[in-house]
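Undergrad: with the input below, show me the fold.
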Amino acid sequence: MNKLSELNDLWKKAKIRTVDTATEQQVSEFEATHNLIIPHDLRGYFVAVNGTDRLPDNEFYTFCTLEQFQPITKVLDAWKNGIPRHSDVLEKIGSPQNCFVFADYSIYLFAYAIRLYPTESAQNEVYAICGGEYRIIAKSFSEFIDLYLQQADELTFCLIA
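TA: Numbering: from 1, shown residues only. Next up, the predicted model:
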């Protein structure tokens, strides 16, 4: 079974598969609008699964649809007076406008973002963001999904010393 089928089945069992999948045209329109390339693994995810429509799974993870897929500059700026203060990351991470939030854990205790590039890239770093800190936890969306399906500790480690 491929990882996207496994992900889809997991969410169906949890009764959180309530959204329509994205179309190839919608993904292409996103790329044209943002002048960034969505990597093949993430493209496949949007077309085959397309998130949980912000509904939490049994472990309190939520995943965005393509429509909800926003740059961290937009999503995390809302946390400038919040706890944790995710907006502090915007000053630390390079080119934050190219990093897009695709998931969160426990109502944004952690946010997960992927870096997109204007051309195809061998890797698209996935960041775990907590408060004003961030860490690369995967080199691709596929690697992140592997960690998620394994319920790996790397997804929710403490970033704050």
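Undergrad: quick one: the helices in the protein, in order.
TA: Secondary structure of the chain (DSSP state H): helices at 3-13, 24-34, 40-48, 72-75, 141-149.
Undergrad: Phe105 against Thr156, yeah?
TA: Quick fix: residue 105 is Tyr, not Phe. Yes - Tyr105 is within contact range of Thr156, at 6.0 Å (criterion: C-beta atoms under 8 Å). C-betas here are computed from N, CA, C, even on glycine.
Undergrad: ok, Phe69 - contacts?
TA: Residues near Phe69 by C-beta atoms under 8 Å, 6 or more residues apart in numbering: 30, 46, 100-102.
Undergrad: also Glu6?
TA: Leu149.
Undergrad: next one: Gln25
TA: No contacts exist for Gln25 under C-beta under 8 Å, 6+ apart.
Undergrad: look up how far Phe141 lies from it.
TA: 20 Å (C-beta to C-beta, to the nearest Å).
Undergrad: just Val126 next, same as before
TA: Here Val126 is placed at a distance of 7 Å from Phe141 (C-beta to C-beta).
Undergrad: repeat for Leu36
TA: To Phe141, Leu36 is 14 Å away according to C-beta to C-beta.
Undergrad: quick check: Gly36 touching Thr119?
TA: Quick fix: residue 36 is Leu, not Gly. No - using C-beta under 8 Å as the test, Leu36 is too far from Thr119 to be in contact (9.2 Å).
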